[in-house]
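*Asks:* for reference, the sequence and a predicted model appear below.
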Amino acid sequence: MERSLVVMKPDAMRRGLAGEIISRFETVGLKIVAAKVLTPSVKMLEDHYQIDKLAPIVGQKSKDAGTDVGDDVAAFGRMIVGWTIDYVRSAPVLAIVFEGLDGTIPRIRKMAGFTDPSSAEPGTIRGDLGQDSINNANNEKRGVDNLMHASGDAEEAAHEINLWFPELKASDAKAA
């Protein structure tokens, strides 16, 4: 069995899409192990996003989307992570631990679709329900409204589940 963290971001919550997104995951056999609504702290989100690891990745995604990121992709990425933290803290979010057979983490990522909703494939959550783009968000100096976060791999899932759900036993939070 494998577990993954999914966080419904403020835009999904404001638009009343959490139920539809959960239904898509349950339809393919994923089970909810834990869930809670909260407004995460800045410290929690800084730990969650692991800024030094994530900054170059989001900076490059912005560059690939056509944003002028200047000479330092990682510095631009750090700015985006800051905007994202502000955005995720702007309203309560719904954090969920899903469990399924091996391959759950990549399955959830595939179902979520590409980070940039404007480039996400039809049939994915972001492709069907997303209304924003990385370029619009960057031009407005804010985090992109992309509905949800999903763990990227087993190591990330274990870290995130332990962070968001410390009440789960450490052995239970590990992706199997």
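*Replies:* That came through fine.
*Asks:* can you report how many residues lie near E140?
*Replies:* When counting by other Cβ atoms under 10 Å, one arrives at 11 neighbours for E140. From N, CA and C alone the C-beta is placed, and that goes for glycine too.
*Asks:* against M1, how distant is it?
*Replies:* 41 Å (Cβ to Cβ, to the nearest Å).
*Asks:* and what of M111?
*Replies:* 18 Å.
*Asks:* swap in E99?
*Replies:* Taken as Cβ to Cβ, the span from E99 to M1 is 6 Å.
*Asks:* so between these two, which is more surrounded?
*Replies:* For E99 versus M1, neighbours defined as other Cβ under 10 Å are more numerous around E99 (18 against 11).
*Asks:* from the contact counts, what lies against the helix or strand that contains the more buried one?
*Replies:* Using DSSP states H and E, E99 sits within strand 93-100. When contacts are defined as 3 or more Cβ pairs under 8 Å, 6 or more residues apart in numbering; DSSP states H and E, strand 93-100 packs onto strand 2-8, helix 10-14, helix 18-27, strand 31-38, helix 104-112, helix 154-164.
*Asks:* which strands or helices does the fifth one pack on?
*Replies:* If I follow you right, that is helix 104-112. Judged by 3+ Cβ pairs under 8 Å, 6+ apart, helix 104-112 is in contact with strand 2-8, helix 18-27, strand 93-100, helix 125-129, strand 148-150.
*Asks:* returning to that earlier point: got a markdown table for the helices and strands packed on strand 93-100, with mean neighbour count too?
*Replies:* As requested, those are arranged in a markdown table below (neighbours: other Cβ atoms under 10 Å):
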| stretch | mean neighbour count |
| --- | --- |
| strand 2-8 | 25 |
| helix 10-14 | 18 |
| helix 18-27 | 15 |
| strand 31-38 | 14 |
| helix 104-112 | 20 |
| helix 154-164 | 19 |
